[in-house]
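Chemist: kindly return the folded structure for what I paste below:
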Amino acid sequence: MKITANQLTLLRVALLPLPYFLIYGSTYSRVASLAIFTILGITDYLDGLMARRDGVTKLGKMLDPIADKIFITVCFIPLVDLDIFPLWLVWPIFLREFLVTELRAVLQKEGMELPVMELGKIKTTIQMIVAGLVLMVATFPGKTVVASLLAGAVTATMFLASVLYYKEGSLSPRFKWALGLLGLGLAVRLLFNDQATILFYGIAMLALTLASGFEYVRRGLPACLQRGTRDLARLFLAMAVPMAALILVPHLSRSSTILVILILTVEFISQGLDMWFSRRCSIISYETKVYLIFPAALICAGTAYLLGYGAKPAFLWSTLFLSTFYIVTRTLCLVRSRAG
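Modeler: Numbering: from 1, shown residues only. Predicted structure coming up:
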C-alpha cells in the first residue's frame with residue numbers, strides 16, 4: 001500500500017497528543033517528547049517531498065499549512081504553560097498566523113492571489129527547531145549536554161546535506177535554514193547562560209516569523225481598509241476569539257490549557273475550510289460565525305461570573321463548542337453539495 005503525502009500529514013497531526021502529554025513528565029519523558037517531536041518534524045519535510053513527487057492536491061494544499069500550525073500550537077503552548085517561554089514571545093507568532101490567513105482571504109475576494117513566499121515556508125521549520133532547542137535548554141541546564149547534542153545535530157545535518165546534494169544536486173531552502181539555525185544555536189548556547197539563550201532563540205524566531213508575514217500585511221491590510229469598517233471589524237473579531245483564549249494560558253490550570261490548544265486547532269481548521277470552501281456553502285455563514293462566537297463567549301463568561309462560576313472556563317468551553325459547531329456544519333454542507 002502506497003502512503004500518500006496527505007496520509008502522512010494526517011498521521012503527524014494524529015500523533016501530536018503523545019509528545020504533548022510527555023512534555024509535562026520527568027526528564028526521561030521530555031527526552032521522549034523531544035524525540036517524537038523531531039520525528040514528526042521530519043515527516044513535515046518528507047510529505048513535502050512526496051507531494052512534489054506525486055503532485056500537489058487541493059486537499060494537500062489545505063491540510064499541510066493547517067497541520068503545521070497545529071504542530072506549532074502543541075509545541076509552544078506547553079512551553080508557556082511551564083514558564084519556559086514568556087507569553088509575549090509566543091502571542092505575536094499566533095497573531096501573525098491568524099492575521100495573514102484572514103488578509104489572504106481579503107485579497108482573494110479582491111481577485112488578488114498572493115503566493116506563499118519562501119520565508120513563509122521556512123518559518124515553520126525555524127519555529128520547530130527553536131521549540132526543540134528551548135525545551136532542551138530547559139530540560140538540561142548548563143552548556144555541556146545541549147551543546148553536545150547540537151554539535152551532533154550539526155554534524156548529522158551536514159552529512160545528510162552532503163548525501164542529498166550528491167543525489168539531487170541542490171538543497172531545499174528549508175534544509176539550508178535548518179543547518180544555519182542549528183549552527184547559530186550551537187554558538188549561542190556556548191556563549192550565553194540558560195535564560196539568555198532561551199531569550200535569544202525566542203527573539204530571533206519571532207523576528208523571522210514577523211518578517212515572513214510582512215508582505216501579506218503590506219498588501220492585504222490596505223485592501224481590507226478599502227473595503228470599509230465592516231470588513232475591518234470582521235478581521236478583528238475573527239482573530240479576537242483565539243487570541244483572547246491564548247492570553248489566558250498563564251492563568252489557567254493544565255486541563256484548561258488543553259482547551260486553549262483545542263480552540264486554536266479548531267480555529268486553524270476553520271480558516272483552512274473557509275479558504276477552501278465556497279462561502280455560500282454553509283448552514284451558518286462565515287460572517288455569522290465571526291459576529292456570533294466572540295460576543296456569545298463573552299456573554300457566557302459574564303453569566304458564569306455573575307452566577308459564581310469560573311468565567312474563564314465558561315469562555316473557553318463556549319468558544320470551543322461554537323467554533324466546532326461551525327466546522328461541523330461547514331463540513332456537512334460540503335458533503336451534501338458533493339453528494340448532490
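Chemist: hang on, isn't L221 packed against E102?
Modeler: No - with contact defined as CB atoms under 8 Å, L221 does not reach E102; the gap is 10.2 Å. Where C-beta positions appear, they are placed from N, C-alpha and C, glycine not excepted.
Chemist: looking at these two, which is more packed in?
Modeler: For L221 versus E102, the count of surrounding residues by other CB atoms under 10 Å is larger for E102: 22 against 15.
Chemist: hmm, that one is touching F268, no?
Modeler: No - here E102 does not reach F268: they are 11.9 Å apart, not a contact under CB under 8 Å.
Chemist: please point out which parts of stretch 57-69 sit buried.
Modeler: 60, 62-69 (16 or more other CB atoms under 10 Å).
Chemist: which pair in those residues spans the largest distance?
Modeler: G60 and K69 (15.0 Å; CB to CB).
Chemist: show me the shaky parts of the stretch 51-200 of the chain.
Modeler: Counting by pLDDT under 70, the stretch 51-200 of the chain shows low-confidence ranges at 51-52, 54-56, 59-60, 109-116, 118, 174.
Chemist: from the buried residues of stretch 57-69, pick the one nearest C333.
Modeler: Distance to C333 across these (CB to CB) is lowest for M62, with 15.9 Å.
Chemist: what about the helices in the protein?
Modeler: All helices of the chain, identified by DSSP state H, fall at 5-15, 17-22, 27-54, 58-81, 87-109, 118-139, 144-168, 173-191, 194-212, 214-226, 229-247, 254-276, 286-306, 311-339.
Chemist: just how off-centre is the first one within its chain?
Modeler: To tie it back to what came earlier, the one meant is helix 5-15. 15 Å (CA atoms, centre = their mean, to the nearest Å).
Chemist: cool, the last one as well?
Modeler: Here helix 311-339 shows a centroid-to-chain-centroid distance of 20 Å under the convention CA atoms, centre = their mean.
Chemist: I'd like to know which elements that helix is packed against.
Modeler: Judged by 3 or more CB pairs under 8 Å, 6 or more residues apart in numbering; DSSP states H and E, helix 311-339 is in contact with helix 229-247, helix 254-276, helix 286-306.
Chemist: so who does the residue sitting nearest the centre point of the chain touch?
Modeler: With distances taken as CA atoms, centre = their mean, K69 lies nearest the centre of the chain, 2.3 Å away. Contacts of K69 were listed using CB atoms under 8 Å, 6 or more residues apart in numbering, and they are 97, 264, 268.
Chemist: redo those residues as TSV? Include neighbour count.
Modeler: Converted to TSV, the contacts of K69 look like this (neighbours: other CB atoms under 10 Å):
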residue	neighbour count
E97	25
L264	26
F268	23
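Chemist: make CSV out of these and add distance to I42.
Modeler: Shown next, in CSV, are the contacts of K69 (distance: CB to CB, whole Å):
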residue, distance to I42
E97, 22
L264, 23
F268, 21
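Chemist: among those, which one lies nearest to A196?
Modeler: The closest of the contacts of K69, once distances to A196 are taken by CB to CB, is E97, at 27.0 Å.
Chemist: contacting residues around the closest one?
Modeler: 69, 72, 268.
Chemist: number of residues surrounding L18?
Modeler: 15.
Chemist: quick one: contacts for the residue nearest to it when sequence neighbours are not counted?
Modeler: For L18, ignoring the flanking residues on the chain, the nearest one in space by CB to CB, 6 or more residues apart in numbering is I36 at 5.9 Å. Counting by CB under 8 Å, 6+ apart, I36 touches 15, 18-19, 22.
Chemist: thinking P86 is in contact with I203, fair?
Modeler: No - between P86 and I203 there is no contact under CB under 8 Å: 10.5 Å.
Chemist: looking at these two now, which is surrounded by more residues?
Modeler: For P86 versus I203, the count of surrounding residues by other CB under 10 Å is larger for P86: 14 against 11.
Chemist: the more buried one and M205: what is the separation?
Modeler: Look at P86 and M205: by CB to CB, to the nearest Å, they are 13 Å apart.
Chemist: quick check on the residue sitting furthest away from the middle of the chain: phi, psi?
Modeler: Largest separation from the mean C-alpha position in the chain: L307, at 35.3 Å (CA atoms, centre = their mean). Backbone torsions for L307, taken as degrees, to the nearest 10, come to phi -90, psi 0.
Chemist: and for G228?
Modeler: phi 110, psi 180.
Chemist: what count of nearby residues applies to it?
Modeler: Quick note: G228 (other CB under 10 Å) scores 9 neighbours.
Chemist: how about the nearest residue to L264, chain neighbours excluded?
Modeler: Excluding its sequence neighbours, the residue lying closest to L264 (CB to CB, 6+ apart) is T73, at 4.8 Å.
Chemist: pull the contacting residues for the one you found.
Modeler: 94, 261, 264-265, 268.
Chemist: and those as a markdown table, adding distance to Y291?
Modeler: Formatted as a markdown table, these follow (distance: CB to CB, whole Å):
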| residue | distance to Y291 |
| --- | --- |
| F94 | 22 |
| I261 | 25 |
| L264 | 20 |
| T265 | 22 |
| F268 | 20 |
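Chemist: how close does S172 get to K121?
Modeler: 9 Å.
Chemist: wait, Y216 touches L103, no?
Modeler: Yes - contact criterion CB under 8 Å: Y216 and L103 qualify, at 5.3 Å.
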